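> show me how the following folds:
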Amino acid sequence: MRPQRNVKIVATLGPASNDYETIRALFEAGANVFRLNMSHGDHEEIRARHAFIRQIEKDTGRPIAILADLQGPKLRCGVFGDGPHDLEDGAAFRLDLDPAEGDQTRVQLPHPEIFQALEVGSTLLVNDGKIKLQVEACGDDFADCRVIAGGSISNRKGVNVPDVVLPLAALSEKDRADLEFVCQLGVDWLALSFVQRPADVQDARDLAKGRAAILSKIEKPAAVQAFDDILAVSDGIMVARGDLGVELPVHAVPPIQKRLVRKCRAAAKPVIVATQMLESMIESPVPTRAEVSDVATAIYEGADAVMLSAESAAGGYPVEAVTTMHNVAVEVESDPTYRDIMESTRPKQRRTVADGIVASAREIAETAHIKAICCFTQSGNTAALVARERPRVPIIGITPLVGVARRMCLTWGTKFYLSGEVTRFKMAVISAVRAARDAEVATEDDFIVVTAGVPFNVQGTTNIIRVAPCDERMIHSTDLE
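Numbering: from 1, shown residues only. Now for the predicted structure:
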């Protein structure tokens, strides 16, 4: 049996993982969540990948989460008439709305919203930050800039504006069409790009209408500054280090990552650390030592999940990349230092009855050598609160709702089982015992801790805890029928 692993693995699907056999191999290697990147692939390709995942879920009998990652608005310059141009340090360069082909002195920037937000002294980054421009004069349709860091510029290179909150919605027309498509298809999570403010998240939530949970990608300085408010209205977070490392100094990203991960844990909301985690495995069957350390650092920090992008979507070794992440996670989580970190960073504040119940469940389980904490939950909230405790024992969630089981595949340490509708606490205990035995974390001589809420089938009512034996009487009880 595969070793117990708490951190989850998100694998992006693409040309290298576009068939049932490969996707199933990724799942069996350890992927818990599959990411559908809406920046690549048309709706029919996305539909086919979605169908493969749901078939694998049916064939294996294990819930799998699907995350649809919306593209967001893409800011790009226009085209040049005679190929790429080299911009020299100190040279003048103009950006404007004129659609004429560009040259060494100017090019179109077809985004009037940018000009409306720019100020003298603002910075513009072109081609993933390789070219840095500083605004010296600007108006509604132009920006005269000085080249601070030169380089080669060519057609439709991306443009970042790090120090300005742009008057742009996080959802483009393409995103709105994609959102409706994937919600009708049936995904569990929506990843929202270009988040700058809490209102961006609320717009997506209004369109999703409860059909998927909302995960905010933190990739802009404005999102870092407004993070507490964005976290409050989000169901989860992705620390998207790619654009974040372009728009901020690269040395600023690691401490930001650490702060955001801890805040997400305190809020009991899942957080993914993403981008370039095993980048060299796009072309190599083994990662660099630095990449392994990067993955390990995210796990030591307490991230709920680590993500593969091109490594599993377009690389030559997608299954090997997932296997590497799994092996790193197992090794880190078996390190006593990891346990020390998880316990020293455990949030101390307790405000609700549910907080007290899950803290007590962890303490009982760890004090009495109990084998698992089993949470009967209608929304997944109880399991998320237990995961925030980072207990030493497995967390088993039991729910009658397949959507909850799938969504919780992103949460640290949780393994979910489906049950029928439960109306009495004894039925919940019996379901929990059976799940613990099925998961092979407990035998007939062991005990588990069971948490639930009474009345049943009402969200937010976690208010009861019991230590239950896993003996044959519980396994063969007929109270569930």
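> mind listing what residue 416 touches?
Counting by Cβ atoms under 8 Å, 6 or more residues apart in numbering, residue 416 touches 63, 383, 396, 397, 398, 399, 404, 405, 408, 409. Using the backbone N, CA and C atoms, a C-beta is placed for each residue, glycine as well.
> most neighbours of all the residues you listed, which one?
residue 383 (32 neighbours; other Cβ atoms under 10 Å).
> sort out which one of the contacts of residue 416 lies nearest residue 118 for me.
Using Cβ to Cβ, residue 409 is the member of these that lies nearest residue 118, at 42.4 Å.
> just grab the bridge partners of the residue nearest to that closest one when sequence neighbours are not counted for me.
Of all residues not flanking residue 409 in the chain, residue 65 sits nearest, at 3.8 Å (Cβ to Cβ, 6 or more residues apart in numbering). Beta bridges link residue 65 to residue 33, judged by DSSP bridges.
> pretty sure residue 65 is touching residue 190, no?
No. Proximity of residue 65 to residue 190 does not meet the contact threshold set by Cβ atoms under 8 Å, at 11.8 Å.
> now the contacts of residue 416 in TSV, with secondary structure, pLDDT and distance to residue 69?
Output for the contacts of residue 416, formatted as TSV (DSSP: H, G, I helix; E, B strand; the rest coil; pLDDT from 0 to 100; distance: Cβ to Cβ, whole Å):
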residue	secondary structure	pLDDT	distance to residue 69
63	coil	96	20
383	helix	94	24
396	strand	96	29
397	strand	93	25
398	strand	92	29
399	strand	91	25
404	helix	95	21
405	helix	96	21
408	helix	96	19
409	helix	97	16
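> may I ask which two of these are separated the most?
Taking Cβ to Cβ, the two most distant members of the contacts of residue 416 are 398 and 409; they sit 14.6 Å apart.
> follow-up on the earlier one: mind listing what the residue nearest to residue 409 touches?
If a contact means Cβ under 8 Å, 6+ apart, then residue 65 has 32, 33, 34, 188, 189, 406, 407, 408, 409, 410 as its contacts.
> repeat that with 7 Å
Counting by Cβ atoms under 7 Å, 6 or more residues apart in numbering, residue 65 makes contact with 32, 33, 188, 189, 406, 407, 409, 410.
> and for residue 96?
106, 108, 109, 141, 142.
> for it, name its beta-bridge partners.
residue 108, residue 142.
> for residue 141, see how far away it is.
Between residue 96 and residue 141 the computed distance is 6 Å (Cβ to Cβ, to the nearest Å).
> ditto for residue 80
From residue 80 to residue 141 the distance is 19 Å (Cβ to Cβ).
> more neighbours: which of those two?
Between residue 80 and residue 141, counting by other Cβ under 10 Å, residue 80 is the more crowded of the two (20 against 13).
> I'd say the more buried one and residue 155 touch.
Yes. Assessed by Cβ atoms under 7 Å, residue 80 is found in contact with residue 155 at 6.0 Å.
> neighbour-wise, which one of the contacts of residue 96 leads?
Highest neighbour count within these, by other Cβ under 10 Å: residue 109, with 24 neighbours.
> from residue 77, how far out is it?
For residue 109 relative to residue 77 (Cβ to Cβ), the value is 6 Å.
> how about residue 113?
Here residue 113 is placed at a distance of 15 Å from residue 77 (Cβ to Cβ).
> do the same with residue 143
12 Å.
> what's the answer for residue 100, then?
Residue 100 sits 13 Å away from residue 77, taking Cβ to Cβ as the criterion.
> which one of these two has more residues nearby?
residue 77 (22 against 12).
> go ahead and confirm that one touches residue 157.
Yes. Residue 77 is within contact range of residue 157, at 5.5 Å (criterion: Cβ under 7 Å).
> got any residues that touch both of these two?
Joint contacts of residue 77 and residue 157 (Cβ under 7 Å, 6+ apart) are residue 126.
> the residue nearest the centre of the chain: which element?
Geometric centre of the chain, nearest residue: residue 272, 3.7 Å, by Cα atoms, centre = their mean. Under the criterion of DSSP states H and E, residue 272 resides in strand 271-274.
> and what of residue 182?
Short version, using DSSP H and E: residue 182 is in helix 173-185.
> so which elements touch that helix?
helix 43-60, helix 198-208 (3 or more Cβ pairs under 7 Å, 6 or more residues apart in numbering; DSSP states H and E).
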